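>>> Dropping a prediction and its sequence here:
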Amino acid sequence: MALNIVLFGPPGAGKGTQSERLIQKYGLIHLSTGDIFRANMKEETELGILAKSFISKGHLVPDEVTINMLKEEVLKHPESKGFIFDGFPRTTVQAVALDEFLATMNSSIKVMLALEVEENELRERLMKRALVSGRSDDADEKIIQNRINVYKNETAPVKTFYEKQSKFISIDGIGTIDEISNRIYGAIEKN
Ligand code: AP5
Ligand code: MG
């Protein structure tokens, strides 16, 4: 059975940082919808131009566009031992679509690991990263706040979706990167 993990959490929670560790340890494919959008923005593809109009304001890219893109990426890796979905699903519509899509491949999500970090710490991390990231959505405090608000209103409810399937695990996202990795490994190995 594939080890498919949803690595969940608010902006700046450490999803990307922890994904790097997980792909190495478990030999998984990392699919970050944010990273894929940014690569398209850099190449100025049609998708990138569309995505930029939402991302630079801190809004979500529409579900249909995001879901189709994600499916294409999954299909590029038929031999994968499993995927880390980082930043996806971000709405309940996306979560339902992911379940249905994986089912067509006789696959499913094993677990949702939700990194929990309080808002002040998120703001601090993102403002620090803004100095070096060049990300348009880090550039401005107001946009950072928009992303946090969108998370609270539209994305946090996705936890309930996985809770109902008994797949939800909360991970304390405060501490050193190593400490948090060890919490994640522990949670994966218990399941
Ligand atoms: P996305 O790229 O997913 O960004 P995000 O969710 O805002 O999160 P970040 O990537 O900023 O943070 P992260 O949790 O990966 O943390 P990181 O490891 O970098 O999405 C960007 C945008 O794309 C969205 O706003 C939306 O517009 C669009 N989008 C993406 N997916 C979408 C979807 N499914 N549907 C619709 N739209 C979508 O760490 C953050 C910082 O903290 C780093 O500087 C890091 O070094 C530092 N850090 C990490 N761990 C620690 C630690 N333990 N202690 C201290 N600092 C730490
Ligand atoms: Mg990230």
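Cool, got the structure. Ligands and ions are numbered 1, 2, ... in the order given.

>>> what sits against the residue nearest to residue 2 when sequence neighbours are not counted?
Spatial nearest neighbour of residue 2, chain neighbours left out: residue 82 (4.3 Å); criterion: Cβ to Cβ, 6 or more residues apart in numbering. To be clear about C-beta, it is placed using only N, CA and C from the backbone, and glycine gets the same treatment. Residues counted as contacts of residue 82 (Cβ atoms under 8 Å, 6 or more residues apart in numbering) are 2-5, 26, 28-29, 110.

>>> try 6 Å this time
2-4, 28 (Cβ atoms under 6 Å, 6 or more residues apart in numbering).

>>> which among these gets closest to residue 66?
Lowest distance from residue 66 to the contacts of residue 82 (Cβ to Cβ) belongs to residue 4, with 17.4 Å.

>>> Can you give me the distance of the one residue in the chain that gets nearest to ligand 1 to ligand 2?
Distances between the chain and ligand 1 by Cβ to the nearest ligand atom are smallest at residue 34, namely 1.7 Å. For residue 34, the distance to ligand 2 (Cβ to the ion, to the nearest Å) stands at 5 Å.

>>> again with residue 164
The gap separating residue 164 from ligand 2 is 26 Å, by Cβ to the ion.

>>> what's the burial count for that residue?
Here the count is done by other Cβ atoms under 10 Å, and residue 164 has 9 residues near it.

>>> Ramachandran angles for it?
phi -60, psi -30 (degrees, to the nearest 10).

>>> helix or strand for the residue of the chain closest to ligand 1, which one?
Using DSSP states H and E, residue 34 sits in helix 33-43.

>>> how about the next helix or strand after that helix: buried residues?
Next along the chain after helix 33-43, taking DSSP H and E as the criterion, comes helix 46-55. Buried residues in helix 46-55, counted by 16 or more other Cβ atoms under 10 Å: 47-48, 50-52, 54-55.

>>> Output the helix or strand just after helix 46-55 in CSV, but only the C-alpha positions, please.
Downstream of helix 46-55, the first helix or strand assigned by DSSP H and E is helix 63-75. The C-alpha coordinates for helix 63-75 follow below in CSV (Å, rounded to 0.1, in the frame of the first residue of the first chain):
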residue,chain,number,x,y,z
ASP,A,63,-10.1,24.6,-7.2
GLU,A,64,-10.6,23.3,-10.7
VAL,A,65,-7.3,24.6,-12.0
THR,A,66,-5.4,23.3,-8.9
ILE,A,67,-7.1,19.9,-9.0
ASN,A,68,-6.3,19.3,-12.7
MET,A,69,-2.7,20.3,-12.2
LEU,A,70,-2.3,18.0,-9.2
LYS,A,71,-3.7,15.0,-11.0
GLU,A,72,-1.3,15.6,-13.9
GLU,A,73,1.6,15.7,-11.5
VAL,A,74,0.6,12.4,-9.8
LEU,A,75,0.2,10.7,-13.2
